[in-house]
Structure formats: C-alpha cells, structure tokens
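Engineer: sequence first, then the predicted structure, then my questions.
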Amino acid sequence: MRFAKPPFGRLLLVALAASSLAARAPDQTPADLYGPLFEAVQSQRIFPDGKTFVDAVPRLPVDRIMADYAASPPADAAALKAFVDARFVIPGDTPAPDTPPVPQGLDLKAHIAALWPILTRPALTPEPGSSALAMPAPYVVPGGRFREIYYWDSYFTMLGLKADGQQPLIESMLENFEALIANHGHIPNGARTYYLSRSQPPFFALMVGLSERTDPASRRTQLEAMKREHAFWMSGAACVTATAACEHVVRMPDGSLLNRYWDARETPRDESWAEDVATAASAPDRAPREVYRELRSGAESGWDFSSRWLDDPQDLATIHVTDIVPVDLNSLMWSLETRIAAHCRELAERACIREFGRRANDRRRAVHRYLWSARERRFGDWDQRTGRMTEAVSAAGLYPLFVGLATPNQARGAAQSTQETLLAPGGLRTTVVSTGQQWDSPNGWAPLQWVAVAGLDRYGHRETADTITARWLATVDRVYRETGKMLEKYDIEDQRPGGGGEYPLQDGFGWTNGVTRALLDRSPNALQDARRPVP
C-alpha cells in the first residue's frame with residue numbers, strides 16, 4: 001500500500017485544527033470520564049483484557065451514559081456487561097478494513113511485505129468520546145490488541161518499511177509524531193488519551209534520520225519538534241535539587257543531569273487497572289499511589305516489566321523505576337542532543353550548536369562515569385539509592401554502542417561480555433534472570449536484537465553481530481513456518497513463541513516485521529545457512 005507524499009506545510013494547519021478540537025474536548029482518560037462505571041467494569045473484569053473497555057467508543061454522550069448508570073446501576077456482572085454493550089462499540093482485534101488476507105506459503109520476506117497493508121491505518125479523526133488521538137496521516141499499528149500507533153515500536157517498524165521501499169509511509173508516520181508533539185508537547189506512549197501522562201524511549205531523532213525530507217523547511221520543522229521533545233524530558237531541571245530528582249531529571253553526585261523514566265500520574269493505568277490495583281494491594285508497606293507511579297513509569301520505559309526495575313526480581317510489587325537512571329534512556333537522549341546540534345549546524349544556528357553540543361558532551365561524560373563498569377565490561381543502570389550501578393545485566397547495555405556513545409575500548413569490552421552472558425541459542429537475551437516478566441529471560445525482543453546488531457556493527461564487531469542476526473532470524477523463521485505468524489516476542493532459549501506479561505502473546509507484529517525485514521537485507525544468506533544441516 002502506497003500513499004501520496006502529503007504537503008509538509010499541512011502540519012501546522014493540522015496541529016491548529018487538532019488544538020482547537022482539544023480545547024473543546026479536553027484529553028480526559030476513560031477513568032476520568034466514567035469514574036464509578038469505569039471502576040466497576042475493570043474491577044469485575046467484564047472484559048478479559050483491561051484495554052478493551054478503554055478503547056471502546058461510546059454510542060451516547062458521556063453525560064447521558066453516566067446519568068443512566070446513576071439512575072439504574074446494574075445489579076451484577078451480566079447486567080453490567082449488557083449495560084456497556086448497549087452503550088459502547090466494543091473493539092476487536094481486527095485487521096485493516098478492505099485488505100485481502102495474507103496468502104499462505106510465502107517466504108518470510110514476502111510475508112512481511114504482505115502484512116504492511118494489514119497493519120496500515122488511514123488518517124484518523126477520533127469519534128466523540130473516543131480515547132483515540134487524532135492522526136493526520138496514515139500509520140502502521142503493531143497488531144492484535146495494539147490498535148493505535150506506538151512510539152518506540154514505530155522506529156523499528158520503519159526499518160522494515162525502508163527496506164520494502166515504503167518511504168511515503170515513513171514520512172506520514174513522522175508527520176503524525178510531529179503533530180503529537182505540536183498538540184501535546186511530547187510523543188505519548190501510544191496515541192490514546194490514557195497514554196498522555198507518559199512517553200516512551202525517545203526514538204524520534206532516530207526516526208528523523210530515516211526521513212528523506214532534507215530541504216530547509218523540513219529541517220526546521222524537524223528541529224523544532226526535536227527541541228520540544230528535549231524540553232519535555234528536561235523540564236524537571238527547573239525543580240531538581242542537589243540530591244534529588246524531579247520529573248524526568250536526576251542530578252548526579254557531581255552535579256551533572258541525567259534522565260529517568262517517570263509518569264505524571266499516580267493512579268492505576270487505565271488499560272491495566274485491575275492488575276495495578278492487585279499489585280499495589282500485595283505491597284501493604286507501600287502507599288498505593290507510589291506503586292502506581294512506579295508501574296506507570298515502567299510502562300514508559302517500554303520494558304513493562306523487567307527485573308531491571310525490581311528490588312526482588314520475583315516480586316513486581318518491589319518495582320522502583322524512578323530510582324533508576326537507565327542507560328538506554330540516557331543513550332537516546334545523547335542521540336537526540338547530537339541530532340539537534342547537527343540540524344542546527346545545517347541551519348547555521350550557532351547558539352543552538354553550542355548549547356546542544358555542550359549538553360551532549362556533558363551527558364557523555366556522565367554516562368561514562370556512572371553507567372559504565374570497566375571491571376564488568378558492561379554498561380548498565382545506576383541506582384540513586386545505593387549510589388552505584390545495579391547488578392542487572394541486560395541488553396539495554398548495548399544502547400551506547402547503538403548510538404555511538406561508547407569508546408572503542410568500551411565497545412570491545414561490551415562485545416565480549418555480550419557474547420559470554422547474553423547470547424542465547426535463538427538470539428540476544430533481554431536479561432539473564434527468569435522471572436515470569438516478559439522483559440526477562442527466556443524472552444527475546446526484536447528491538448533489542450537490532451540495537452545490538454547495529455551497535456556491534458558500528459564498532460566493527462561483525463562476527464558477534466552476525467551470530468545474533470543468524471540466531472534471531474532462525475528463531476523467527478522456525479516459528480513462522482510452524483504457526484504462520486509473526487509474534488511480539490520469542491522464547492530464544494527454546495526457539496518458540498514467547499510468554500509472560502499481563503496479556504496473551506500478540507501476533508502482527510510491527511516491530512518484529514521491521515527488524516526481521518531489515519536483518520534479512522543485512523544478512524541475505526543467514527536463513528539458508530541456519531537451515532543447512534550440521535555435518
């Protein structure tokens with residue numbers, strides 16, 4: 001499916017129109033809008049997946065629905081389900097309309113190409129009362145329960161679109177992200193009102209690197225969007241103290257500023273309300289609002305959830321994301337700062353070049369000082385409470401290589417430790433701990449495979465990158481040939497579908513398609529080699 005390249009100047013008009021709409025209908029979440037009805041639906045688990053109700057579209061005005069509920073509260077779960085079904089359009093996990101089914105028996109590359117139309121959605125003007133956010137241009141969704149555009153997923157999806165010659169769709173997705181920044185001040189976790197209190201790992205600058213719009217006007221639009229995203233992540237700098245953190249900003253012991261994941265709300269997530277309430281209830285020594293903030297912040301990290309964030313790796317209620325200074329986030333922030341400086345250089349903005357060059361240099365020094373262990377030969381996360389790196393060994397430690405922040409010696413050490421600890425039979429491990437959380441062993445995830453391979457390639461560690469590529473492609477191909485599906489995550493120890501987490505395994509799947517397609521171009525013979533019998 002191809003789309004005509006939209007006039008780029010349209011972005012401002014779209015942003016103004018959407019801002020006007022937002023002024024008439026504030027971005028309240030379903031929990032805000034439906035209060036006691038929302039809590040009843042989620043606590044009684046009227047739908048097996050908590051995301052179902054928050055994605056539903058009301059058939060009647062909100063005030064009318066709530067008046068009906070107050071006048072005659074449903075007596076039991078069956079009556080509540082009937083009440084909701086009569087007043088809401090309930091979503092399903094459906095493909096894009098008017099697209100033919102994917103033919104059977106395609107090879108992996110052809111199958112991915114056939115999935116793009118299935119996962120592509122047209123520009124969207126949300127219906128009244130919907131939790132969806134406006135999308136001015138076509139976009140790709142991950143698939144399954146994920147019916148909207150997601151932030152960091154989209155970068156990895158774009159890699160596959162690039163390989164398949166879908167440049168207009170890359171540009172239209174960038175237009176959507178620029179509109180989200182213009183309308184909301186940041187790119188939310190996903191394009192829903194209930195995601196607006198948080199973002200996700202800031203890949204926007206890297207997405208800009210995939211754009212072919214290099215004229216001065218486009219560069220100016222990109223620059224302003226990147227600056228505004230940077231301001232969102234750094235807004236806590238105005239309130240951080242010498243020994244504390246504020247919003248997304250942490251002041252390190254030497255006075256330098258780094259970033260953390262942090263959600264602006266301290267309530268259960270709308271889409272996982274029942275799960276969050278249960279987790280908070282299992283931690284009687286912690287205030288529920290504290291647990292809710294930590295769970296939300298874990299969702300902002302994209303690693304929801306992982307032993308990276310847990311005091312007790314086997315107990316989700318010990319989550320403490322906001323105490324952690326994460327290596328992946330700070331690597332991406334350095335990449336954002338260097339990209340801003342590069343755009344300013346193109347546009348001859350000397351003050352901007354100096355400011356963001358200085359910011360990037362300061363961040364590089366802080367990352368090397370606090371997030372690198374020469375003894376363990378790895379990058380990692382730093383815990384504000386203990387004043388040292390955590391013991392969590394994870395694939396996040398390859399982000400400095402991915403963005404070019406590591407020194408050659410650091411990259412050499414990280415490559416060696418990766419081969420010794422993170423390399424699994426089916427690809428790159430997420431962590432070395434098995435917890436039942438989906439961002440832990442034995443699961444492997446497409447984005448982390450790409451981060452590792454691209455980072456190792458950047459520093460000349462081609463052999464390790466080749467091994468990860470071959471093993472990952474063999475895992476995806478094996479599961480595809482057995483199931484006919486591309487999945488969200490994989491068990492890379494046994495090369496089968498992955499598990500764990502808060503919801504069933506999803507197929508579709510945007511970022512797996514994108515990374516797999518890009519790796520097939522990187523290593524055209526990897527699949528044939530993997531299928532060849534061992535002598």
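Structural biologist: Noted; the coordinates are in hand.

Engineer: need the contact list for the spatially most central residue of the chain.
Structural biologist: Per C-alpha atoms, centre = their mean, the C-alpha nearest to the average position across the chain is that of residue 152, at 3.6 Å. Shown in contact with residue 152 (C-beta atoms under 8 Å, 6 or more residues apart in numbering): 200, 201, 203, 302, 447. Any C-beta I mention is one placed from the backbone N, CA and C, and that applies to glycine too.

Engineer: among the residues you listed, which are in strands?
Structural biologist: Among the contacts of residue 152, DSSP state E puts none in strands.

Engineer: pick the one among the residues you listed closest to residue 316.
Structural biologist: residue 302 (16.4 Å; C-beta to C-beta).

Engineer: tell me who's in contact with the closest one.
Structural biologist: Residue 302 touches 152, 200, 201, 447, counting by C-beta under 8 Å, 6+ apart.

Engineer: make a PyMOL selection of the buried ones in these.
Structural biologist: A single PyMOL command selects the buried members of those (16 or more other C-beta atoms under 10 Å):
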select buried, resi 152+200+201+447
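
Engineer: out of the helices and strands in the chain, which is least certain?
Structural biologist: helix 10-24 (a mean of 37; mean pLDDT, DSSP states H and E).

Engineer: how about the next helix or strand after that one as PDB, C-alpha atoms only?
Structural biologist: Moving toward the C-terminus from helix 10-24, the next helix or strand (DSSP states H and E) is helix 30-43. What follows is helix 30-43, C-alpha atoms only, in PDB (Å, rounded to 0.1, in the frame of the first residue of the first chain):
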ATOM      1  CA  PRO A  30     -11.800   6.800  30.300                       C
ATOM      2  CA  ALA A  31     -11.100   6.600  34.100                       C
ATOM      3  CA  ASP A  32     -11.600  10.400  34.300                       C
ATOM      4  CA  LEU A  33     -14.800  10.300  32.200                       C
ATOM      5  CA  TYR A  34     -16.600   7.300  33.500                       C
ATOM      6  CA  GLY A  35     -15.400   7.200  37.200                       C
ATOM      7  CA  PRO A  36     -17.500   4.600  39.000                       C
ATOM      8  CA  LEU A  37     -18.700   2.900  35.800                       C
ATOM      9  CA  PHE A  38     -15.000   2.500  34.700                       C
ATOM     10  CA  GLU A  39     -14.000   1.000  38.100                       C
ATOM     11  CA  ALA A  40     -16.900  -1.400  38.000                       C
ATOM     12  CA  VAL A  41     -16.100  -2.600  34.500                       C
ATOM     13  CA  GLN A  42     -12.400  -3.100  35.300                       C
ATOM     14  CA  SER A  43     -12.700  -4.500  38.800                       C
END
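
Engineer: helix 30-43 - what's its average pLDDT?
Structural biologist: Averaged across helix 30-43, the pLDDT comes to 98.

Engineer: what's that helix packed up against?
Structural biologist: helix 51-54, helix 62-71, helix 77-87, helix 273-281 (3 or more C-beta pairs under 8 Å, 6 or more residues apart in numbering; DSSP states H and E).

Engineer: ok, which of the ones you listed comes nearest residue 469?
Structural biologist: Among the helices and strands packed on helix 30-43, helix 51-54 sits nearest to residue 469 (C-beta to C-beta), with 32.9 Å.

Engineer: pull the residues that contact that closest one.
Structural biologist: 29-31, 38, 41-42, 46-47, 84, 88, 90-91, 131, 145, 192, 194, 270-272, 503.

Engineer: list buried residues within those residues.
Structural biologist: Counted by 16+ other C-beta under 10 Å, the contacts of helix 51-54 give 29-31, 38, 41-42, 46-47, 84, 88, 91, 131, 145, 192, 194, 270-272, 503 as buried.

Engineer: before we move on, back to that, ok, so of the contacts of residue 302, who is nearest residue 351?
Structural biologist: Nearest member of those to residue 351, counting by C-beta to C-beta, is residue 201, at 28.3 Å.

Engineer: how about that closest one: what's its closest non-neighbour residue?
Structural biologist: In space, and not counting its chain neighbours, residue 201 is closest to residue 152: 4.6 Å by C-beta to C-beta, 6 or more residues apart in numbering.

Engineer: coming back round to it: deepest of the helices and strands packed on helix 30-43, which one?
Structural biologist: helix 51-54 (a mean of 23; mean count of other C-beta atoms under 10 Å).

Engineer: in its sheet, what does the following helix or strand past that helix sit against?
Structural biologist: Downstream of helix 51-54, the first helix or strand assigned by DSSP H and E is strand 57-58. Strand pairing for strand 57-58, determined by DSSP bridges: strand 88-89 (antiparallel).

Engineer: quick check: mean pLDDT of the strand it pairs with?
Structural biologist: The average pLDDT within strand 88-89 is 96.

Engineer: contact partners of it?
Structural biologist: 53, 56, 57, 58, 59.

Engineer: still on that earlier bit, rebuild the helices and strands packed on helix 30-43 as CSV, extending it with distance to residue 160.
Structural biologist: Shown next, in CSV, are these (distance: least, C-beta to C-beta, whole Å):
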stretch, distance to residue 160
helix 51-54, 25
helix 62-71, 39
helix 77-87, 37
helix 273-281, 31
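
Engineer: and residue 408, how far from residue 396?
Structural biologist: 20 Å (C-beta to C-beta, to the nearest Å).

Engineer: contacts only, for the closest residue to residue 199 other than its chain neighbours.
Structural biologist: Closest residue in space to residue 199, ignoring its immediate chain neighbours: residue 186 at 5.1 Å, by C-beta to C-beta, 6+ apart. Residues near residue 186 by C-beta under 8 Å, 6+ apart: 180, 199, 228, 229, 232, 233.

Engineer: export the residues you listed as CSV, with columns for pLDDT, secondary structure and distance to residue 483.
Structural biologist: Compiled in CSV, the contacts of residue 186 are given as follows (pLDDT from 0 to 100; DSSP: H, G, I helix; E, B strand; the rest coil; distance: C-beta to C-beta, whole Å):
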residue, pLDDT, secondary structure, distance to residue 483
180, 98, helix, 34
199, 98, coil, 33
228, 98, helix, 42
229, 98, helix, 38
232, 98, helix, 40
233, 98, helix, 39
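
Engineer: can you pick the most crowded of those residues?
Structural biologist: Within the contacts of residue 186, most neighbours by other C-beta atoms under 10 Å means residue 180, with 27 neighbours.

Engineer: so that one sits against residue 187, correct?
Structural biologist: Yes: taking contacts as C-beta atoms under 8 Å, residue 180 lies within contact range of residue 187: 5.1 Å.

Engineer: circling back to that earlier point, who wins for proximity to residue 466 among the helices and strands packed on helix 30-43?
Structural biologist: helix 51-54 (38.3 Å).

Engineer: show me what the mean pLDDT comes to for that closest one.
Structural biologist: Helix 51-54 comes out with an average pLDDT of 98.

Engineer: and for stretch 149-165?
Structural biologist: Rounded mean pLDDT across stretch 149-165 is 98.

Engineer: quick one: it to chain centroid distance?
Structural biologist: 12 Å (C-alpha atoms, centre = their mean, to the nearest Å).

Engineer: just the buried residues of it, please?
Structural biologist: Those would be 149-164, for stretch 149-165 by 16+ other C-beta under 10 Å.

Engineer: from those residues, which is closest to residue 423?
Structural biologist: Nearest to residue 423 out of the buried residues of stretch 149-165 is residue 156 (C-beta to C-beta; 20.5 Å).
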